[in-house]
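*Asks:* this one's sequence-less:
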């Protein structure tokens, strides 16, 4: 263990030192090869121009290399692998895709992902918006927001344990130690094994993600609400608008762009949801989702990279529209710079 | 918002109630594992954690002494003693002799068991059993009783989990993964962000678009090719394919698009005059970056560091693919996941382990919330 701590410290020193040495050294090298001082005027201008051409690439170089190895190459490679067999040796055309759409577990996953996509972003955005509006009106709103925001710092695995404890089941009539079943039993209902109830178990898993992500929606929307000009709201009050009208007709339309950002961010997160399903059910009782299915196929029976890659590609296809929209938005914003 | 006109007392009261309810729903789950992690492990399964300050009642079974212990008194055969034996006494509220009705008789009363037998069990555990006929048999009468134990809080669970369940070791592993994986991307991203914000070169706009596109590429796309790559590199050089170096670089790669995006938008917003006057004074881009841009960017660097720290600390997927599952490599999240499988019903282990895994993020979160929120607002296109 001591060796491990030592090697971690060593890596920080070497990593940071290496980065500094590279950036400083490469920069110095350019200055030496193309000197701009102490040479004749025309040559100096020429060298300055050359420096200007090279230096940006020195700055972005390391980032580009890492991005290429860890993200760009894998995207291309995953696409290629999805047309190959399990070992990645033989070309199989669209066989993996045909398999996927014929596979019962895959169809369950797609269906579940669609339900997740329909419920979680909507629930988080809606709850986040309500809480943002309500907490703005009271003196202890900041404390309330902090507490609702807190689950965002908790890992999905930790959150799964927290909620598994809430869903814990004991036979009818026994002392329930799971909060949910205790409440149900207190009011005379039958305790249930929530995470294995067909179909509804999906919702009990979604609650975990909603619990985590509502704080995110709340913080972003709360800051957008602060940006609404006070005069607009005052004018609405003077015109006799009631709080509901102010909410739906003034506030929501004003922050529509932010709502869209929150919605898409949570949508991407939902597409990749993995930890919660793995730890709560591992896809049993019809609760499978794409990301967990993909992980499963990566290692199932020694690993089937063709099928795993195919599932990854399908998740990617779902993300592409959001990706294009993001790039367009960013181009609009930075167009002038 | 200062729109407060025309608001009745009732509606203001309603807002307080509603917010209070939301806060309760959002905090009670976490409170549950914190309280449970500090409870005695027998009490965790005997009563819900919300009752942990009340005495917990549990139904137990015991056996009276065998017939050989009987004495004859006033023409009756009597067995006397204490059901707890040498164990510390608890408070018995009810007892019974049938498993179907374990709490049939209140403590202290004399139960008529039929056939001329009676049994009295007192709250302190002492009992008197009488019979008109001599007792027979090797085994004594089975007795069920409900006893209540006073609330008991302990840090034993933490000792167990940290030192014998391997959570302590995993904690160190998580730190080993997280700190380099947080530090390394910062410098690389900062230089790239400065170049993309303030240097002119062909292809800059394309690079920015690529980075924004990469922000949302699902991690799943990278897993298989990188796993193959790592296995290939491992077997080529004859080194293990699952190493800390591998996961540091992987987290660096996955964190870079967000880092560059976040830092670029901040650095691009720095005042142009500062850069230009420095350039007129003869400062090179390198000097401008080190002496002006880096110090001014401290808030956004802190935001990114917190994000990356939380993301790496909380990550399960990358750790499961690129690190081993043995004690010397398994991180907290993976360990907790493994415990869920192997110690499924042992809530004293699970709640305590879960609390240990979330305590570092919670400290980071509470102490640096300002920077965290700032980063969140600036970079909310990231998918996590």
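*Replies:* Sure, I can see it. No experiment lies behind these values; they were computed from the predicted model shown.
*Asks:* residues near whichever residue of the stretch 201-337 of chain A sits closest to chain B, how many?
*Replies:* Closest to chain B within the stretch 201-337 of chain A is residue A:268: 3.2 Å, counting by CB to the nearest CB. Every C-beta, even on glycine, is put in place using the N, C-alpha and C of the backbone. Other residues within reach of residue A:268, judged by other CB atoms under 10 Å in any protein chain shown, total 23.
*Asks:* distance of it relative to residue B:303?
*Replies:* Distance, residue A:268 to residue B:303, by CB to CB, to the nearest Å: 20 Å.
*Asks:* still on that earlier bit, doesn't the residue of the stretch 201-337 of chain A closest to chain B belong to a strand?
*Replies:* No. The assignment for residue A:268 by DSSP: H, G, I helix; E, B strand; the rest coil gives helix, which leaves it out of any strand.
*Asks:* residue A:224 touches residue A:258, doesn't it?
*Replies:* Yes. Counting by CB atoms under 8 Å, residue A:224 does reach residue A:258; the two are 3.9 Å apart.
*Asks:* C-terminal to the strand or helix carrying residue B:320, what's the next element?
*Replies:* Here residue B:320 sits within helix B:317-322, counting by DSSP states H and E. The helix or strand immediately downstream of helix B:317-322 is helix B:332-342, counting by DSSP H and E.
*Asks:* touching chain A at all, that following helix?
*Replies:* Yes. Contact of helix B:332-342 with chain A (CB under 8 Å from any CB of the partner chain) involves B:333, B:336-337, B:340.
*Asks:* are we agreed that residue B:77 is in a strand?
*Replies:* Yes. Looking at residue B:77 with three-state DSSP, it is inside a strand.
*Asks:* got the confidence number for residue 44?
*Replies:* Chain wasn't specified; assuming chain A. On the pLDDT scale, residue A:44 is placed at 81.
*Asks:* ah, I was thinking of chain B
*Replies:* Residue B:44 is assigned 84 on the pLDDT scale.
*Asks:* ok, it - contacts?
*Replies:* Residues in contact with residue B:44 (CB atoms under 8 Å, 6 or more residues apart in numbering or on different chains) are A:177, B:36, B:347-348, B:351.
*Asks:* tell me the one of those nearest residue B:161?
*Replies:* Closest to residue B:161 out of the contacts of residue B:44 is residue B:348 (8.4 Å), distances taken as CB to CB.
*Asks:* which SSE is the closest one in?
*Replies:* Assigned by DSSP H and E, residue B:348 falls in helix B:347-367.
*Asks:* picking that back up, show me what the helix holding residue B:320 is packed up against.
*Replies:* If contacts are counted by 3 or more CB pairs under 8 Å, 6 or more residues apart in numbering or on different chains; DSSP states H and E, helix B:317-322 sits against helix A:290-299, helix B:220-237, helix B:244-267, helix B:332-342.
*Asks:* kindly recompute the last result at 10 Å.
*Replies:* In terms of contacts (3 or more CB pairs under 10 Å, 6 or more residues apart in numbering or on different chains; DSSP states H and E), helix B:317-322 is packed against helix A:275-280, helix A:290-299, helix B:167-198, helix B:220-237, helix B:244-267, helix B:298-314, helix B:332-342.
*Asks:* who wins for proximity to residue A:97 among those?
*Replies:* Here helix A:290-299 is closest among these (CB to CB), at 13.6 Å.
*Asks:* for the host helix or strand of residue B:17, buried residues please.
*Replies:* For residue B:17, the host element (DSSP H and E) is helix B:9-37. Under the neighbour-count criterion of 16 or more other CB atoms under 10 Å in any protein chain shown, helix B:9-37 has B:15, B:19, B:22-23, B:26, B:29-30, B:32-37 buried.
*Asks:* one step back: could I get the helices and strands packed on helix B:317-322 as JSON lines with distance to residue B:322 and mean pLDDT?
*Replies:* Compiled in JSON lines, those are given as follows (distance: least, CB to CB, whole Å; pLDDT from 0 to 100):
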{"stretch": "helix A:275-280", "distance to residue B:322": "15", "mean pLDDT": "92"}
{"stretch": "helix A:290-299", "distance to residue B:322": "12", "mean pLDDT": "90"}
{"stretch": "helix B:167-198", "distance to residue B:322": "10", "mean pLDDT": "90"}
{"stretch": "helix B:220-237", "distance to residue B:322": "7", "mean pLDDT": "91"}
{"stretch": "helix B:244-267", "distance to residue B:322": "5", "mean pLDDT": "92"}
{"stretch": "helix B:298-314", "distance to residue B:322": "12", "mean pLDDT": "91"}
{"stretch": "helix B:332-342", "distance to residue B:322": "11", "mean pLDDT": "91"}
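*Asks:* appreciated, that's everything.
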